[in-house]
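Student: fold the following for me, if possible:
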Amino acid sequence: MKHASTLFSLLLTVSCCAVVSCHAKPVPTRAEIGSDDAVILRWKRKKVTLDEIETAVKVGVAVNPGDPNWKRFKAQLLPGDEIWMFRSPGPTWAAKAGWQGYAIVRHEKLVETYTTLEN
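Tutor: Here you go, the predicted structure:
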């Protein structure tokens with residue numbers, strides 16, 4: 001009886017693993033995403049302003065205004081541009097490929113990104 005229970009547990013585990021592996025969507029790596037603008041634009045979460053970002057008002061993630069990367073990001077801004085907070089989906093974080101930050105969007109096209117967190 002003990003062997004039957006162990007065999008059943010093993011079969012159940014194998015069956016579950018097979019189902020999960022057959023139906024799970026592969027998580028794209030950061031290298032695969034690269035500069036795929038469409039992917040990053042799908043991750044847009046919240047439209048924000050420079051002031052909100054630099055004072056961490058409403059956004060929760062402040063930046064260092066002296067950071068050279070932040071200065072380069074801001075230099076890309078033109079009147080009418082939008083700044084969006086973006087964050088990759090949960091499975092990317094579980095796969096150690098998570099990415100979040102800010103994106104400059106101009107006429108619905110990605111202009112520049114600034115990364116605030118990666119794992």
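
Student: what is the burial count for K71?
Tutor: Burial measure for K71: 11 neighbouring residues, criterion other C-beta atoms under 10 Å. Where C-beta positions appear, they are placed from N, C-alpha and C, glycine not excepted.

Student: quick check: phi and psi at it.
Tutor: phi -60, psi -40 (degrees, to the nearest 10).

Student: check which residues of stretch 79-98 are buried.
Tutor: By neighbour count on 16 or more other C-beta atoms under 10 Å, the buried set for stretch 79-98 is 82-88, 92-93, 97-98.

Student: tabulate these (CSV), appending secondary structure and pLDDT.
Tutor: Shown next, in CSV, are those (DSSP: H, G, I helix; E, B strand; the rest coil; pLDDT from 0 to 100):
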residue, secondary structure, pLDDT
E82, strand, 94
I83, strand, 93
W84, strand, 90
M85, strand, 89
F86, strand, 90
R87, strand, 88
S88, coil, 87
T92, helix, 86
W93, helix, 88
A97, coil, 86
G98, coil, 87
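
Student: now the two most distant members of those.
Tutor: Farthest-apart pair in those is E82 and A97; separation 25.7 Å (C-beta to C-beta).

Student: doesn't V105 belong to a strand?
Tutor: Yes. Membership of V105 in a strand is supported by DSSP: H, G, I helix; E, B strand; the rest coil.

Student: residues contacting the spatially closest residue to it that is not a sequence neighbour?
Tutor: Once flanking residues are discounted, V105 sits nearest to E82: 4.6 Å by C-beta to C-beta, 6 or more residues apart in numbering. Going by C-beta atoms under 8 Å, 6 or more residues apart in numbering, E82 touches 47, 104-106.

Student: cool, and W70?
Tutor: Each residue near W70 by C-beta under 8 Å, 6+ apart is listed here: 63-64, 114.

Student: how about K96?
Tutor: Contacts of K96 by C-beta under 8 Å, 6+ apart are N119.
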